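Peer 1: Got a predicted structure here, sequence first:
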Amino acid sequence: MLTDIWTVMRKELQEAFNLGDRVGKFGLLFMMFSFGILLPWQMGRSWVESPITLVYWSWVPLFLVNAVVADSFAGERERHTLETLLASRLPDQAILFGKLLAALAYGVGLTWASLLVGLVTINLFHGEGRLLFYPPAVALGVIGISLLSGGLAAGAGVLVSLRAKSVQQATQVLSIAIMALIFIPTFGLQALPAAWQERLWNIVSGWNVTQAVLVAIAVLAVLNSVLIGAAMRRFQRARLIAD
Amino acid sequence: MNTFAIRTQQLTRTFGPVRAVDQLTLEVRQGEIFGFLGPNGSGKTTTIRLLLGLLQPDAGQIEVLGVPVPQRAAEVRERTGALLEHAGLYERLSAADNLDYYGRIWRMPAAERNQRIHELLASLGLWERRNEQVKTWSRGMKQKLAIARALLHRPQLIFLDEPTAGLDPIAAASLRDDLRTLVEREGVTVFLTTHNLAEAEKLCHRVGIIRQGRLLAQGSLAELRRHEALHLEMIGRAFTPHVVTALQSQPAVKRVEANGARLLIELAAASDPAPLVKLVVEHGGQVEEVHRSNASLEEVFLTLMEEEEAHAH
């Protein structure tokens, strides 16, 4: 099974790096530039010291995984390659997990690469002779939350992509969902009365970062399990062909 | 040893009110090229999907390579190859990468995989272009590559769903030649669907004819022709009305047409034409040449379709 998963994953990654036109590749570079150079350079030391960066690192994999997972599932059906794959000896779960893990490896891998570039940037421009690094709780959060938010995007991506008529439709639905996930809380908070905002900020500031990170990881892990379980039920040969 | 590569009994599959496959009983022998003929939408693709265990039947039994399907469909997929309705190639990848992927799927060791990819691409004339992205290739080349992929892991049986559909006549002829050569060399059983009757006539040892999910006939071309009228053409002189009347009185004769120096006779299936020549001569006709024409697969096919239509009404 593991060999089969790796076979699928390897091909998916090979395709992911061939994916897209110049605009898509420019978008990828722009994202890496923003989170690896621009934001760390602008935010200075708070880029590593403030827990708020956890929020940014939970967003980045969502965008990266979204593009790959939609292409991997909806694209395979749209380009009529899925049926041939299903006619091969591969078990359903090897195909599913190979694709899921490839999307995750791509999205989270590039996120972590941006994270490392960001650390280089912050030390170059704001280091002042000291080595700047995330506090342990934030570092754990950045790694764990980015991984699990990538998993969330991958799981949701499978379910959306298997129902979508095309890659474009799958990408649009997923992008809208991600935008909603980011903008509704952001604008919702801004719409609150100033007194409420201040109270909320005081509550959040009082949180123990480690505990908050662990709670976030636990919630995301549960959501990941639910979505992956649903994807496993949905990704079955007979259902895929009959649809 | 099981002599049948495929056996189905009363196989049925419906989609809502439509019976895509209707009580299909089929036998395909080991080592043969079996043509599964039928018009578009007759149930050919659904049959392949059922045989591969990609769809569940509503009723009936399937045995592929001696293995029951869908119960042990994974085993069948392990030992078969397929070129389905679409070539199913990864167009962003090169030809070599496409084959390499499927070689890995079938767990072929690296050395054997590379040697086999070279062997197949070279025999199809594609080796020099192996590193090009498949999206830059013509449809004919893609179909050849898809056939190479189906044969890559040396399966015992391959399913080819309309392999020449959409190809120009030259590309189709080239693909047929390559396919025949490869199949003979590999000794693989082929289950080939097509609505191109000339193709089936050139490639297949035996055929099955399907319409609206029902198998109308199966057998070798010679067997199927036995059900079809025989055409006799005599060239000579003195084909008078007297000769025509004498012929028309024969029970085996279905139709006679005298046209100057030509006498056209349609005989019932499996009739012996020899006594008719004697009869013509006895009635004053002078026969110089006799041509016997067998029904083409197209004629057999059309007759079966007409009979089925008449039966349905």
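Peer 2: Yep, it's here.
Peer 1: what sits against B:Lys278?
Peer 2: Residues near B:Lys278 by CB atoms under 8 Å, 6 or more residues apart in numbering or on different chains: none. Heads up, the C-betas are built off the backbone N, CA and C, glycines and all.
Peer 1: what does chain A put close to chain B?
Peer 2: Along chain A, the residues adjacent to chain B under the rule CB under 8 Å from any CB of the partner chain are A:3-4, A:7, A:10-11, A:14-15, A:18-19, A:79-91, A:237-238, A:241-242.
Peer 1: how about a cut-off of 10 Å?
Peer 2: Residues of chain A lying near chain B by CB under 10 Å from any CB of the partner chain: A:3-4, A:6-8, A:10-11, A:14-20, A:71, A:75-76, A:79-92, A:94-95, A:237-238, A:240-242.
Peer 1: Out of those residues, which sit inside helices?
Peer 2: Secondary structure of the residues of chain A next to chain B is defined by DSSP state H; positions in helices are A:3-4, A:6-8, A:10-11, A:14-16, A:76, A:82-86, A:92, A:94-95, A:237-238, A:240-242.
Peer 1: Only the buried subset of those residues, as a ChimeraX command please.
Peer 2: Restricted to buried positions by 16 or more other CB atoms under 10 Å in any protein chain shown, the ChimeraX selection for these reads:
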select /A:4,6,7,8,11,14,15,16,76,82,83,84,85,86,92,94,95,237,238,240,241
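Peer 1: what residues does the stretch 101-250 of chain B put near chain A?
Peer 2: Within the stretch 101-250 of chain B, the positions lying close to chain A (CB under 10 Å from any CB) are B:101-107, B:133, B:146, B:149-150, B:153, B:159, B:161.
Peer 1: Closest one to A:Gln42 out of those residues, please.
Peer 2: B:Gln133 (40.2 Å; CB to CB).
Peer 1: Identify the residues contacting A:Asn18.
Peer 2: For A:Asn18, the contact set (CB atoms under 10 Å, 6 or more residues apart in numbering or on different chains) comprises B:Tyr90, B:Glu91, B:Arg92, B:Leu93, B:Ser94, B:Asp97, B:Gln133.
Peer 1: if I look at the residue of the stretch 1-150 of chain B found nearest chain A, how far off is A:Arg89?
Peer 2: Shortest the stretch 1-150 of chain B-to-chain A distance, computed as CB to the nearest CB: residue-wise this is B:Gly88, at 2.9 Å. For B:Gly88, the distance to A:Arg89 under the criterion CB to CB, to the nearest Å works out to 15 Å.
Peer 1: Can you pick out the residue with more neighbours from these two?
Peer 2: Comparing B:Gly88 with A:Arg89 by other CB atoms under 10 Å in any protein chain shown, the one with more neighbours is B:Gly88, at 25 against 18.
Peer 1: That one against B:Gly81, yeah?
Peer 2: No - contact criterion CB atoms under 10 Å: B:Gly88 and B:Gly81 do not qualify, at 11.5 Å.
Peer 1: In terms of helices and strands, where is B:Glu233?
Peer 2: Under the criterion DSSP states H and E, the helix or strand holding B:Glu233 is strand B:230-237.
Peer 1: Can you tell me the closest non-neighbouring residue to residue 52?
Peer 2: Going with chain A. Nearest-residue entry for A:Ile52: A:Ser46, 7.6 Å, with adjacent residues in sequence omitted and distances by CB to CB, 6 or more residues apart in numbering or on different chains.
Peer 1: meant chain B actually
Peer 2: For B:Leu52, the nearest residue in space outside its immediate sequence neighbours is A:Ala87; the separation is 5.3 Å by CB to CB, 6+ apart.
Peer 1: wait, what's in contact with the one you found?
Peer 2: A:237, A:241, B:48-49, B:52-54, B:76-77, B:80-84, B:88, B:150, B:159.
Peer 1: quick one: which of those residues sit in strands?
Peer 2: When DSSP state E is applied, these are split such that B:Thr80, B:Gly81, B:Ala82, B:Leu83, B:Phe159 fall in strands.
Peer 1: Can you report how many residues lie near the last one?
Peer 2: When you say that, I think you mean B:Phe159. One way to gauge burial is a neighbour count; for B:Phe159, by other CB under 10 Å, it gives 26.
Peer 1: what sits against it?
Peer 2: Taking CB under 10 Å, 6+ apart as the definition of contact, the neighbours of B:Phe159 are A:87, B:6, B:36, B:45, B:47-49, B:51-52, B:64, B:80-84, B:150, B:189-193.
Peer 1: go on, the second one?
Peer 2: Neighbour list for B:Gly81: A:84, A:87-88, B:102, B:106, B:146-160, B:188, B:190 [criterion: CB under 10 Å, 6+ apart].
Peer 1: let's go with 8 Å and repeat that
Peer 2: B:Arg149, B:Ala150, B:Leu151, B:Leu152, B:His153, B:Pro155, B:Leu157, B:Ile158, B:Phe159.
Peer 1: isn't B:Arg176 right up against B:Glu199?
Peer 2: Yes - using CB atoms under 8 Å, B:Arg176 and B:Glu199 qualify as a contacting pair, with a distance of 6.4 Å.
Peer 1: so what's in contact with these two at the same time?
Peer 2: With contacts taken as CB under 8 Å, 6+ apart, the residues that reach both B:Arg176 and B:Glu199 are B:Thr164.
Peer 1: which one of these two has more residues nearby?
Peer 2: Just comparing B:Arg176 and B:Glu199: by other CB under 10 Å the higher neighbour count belongs to B:Glu199, 23 against 18.
Peer 1: What's the separation between the more buried one and chain A?
Peer 2: Distance, B:Glu199 to chain A, using CB to the nearest CB, to the nearest Å: 22 Å.
Peer 1: what stretches of chain A score poorly on pLDDT?
Peer 2: Counting by pLDDT under 70, the ranges of chain A that qualify are A:19-24, A:243.
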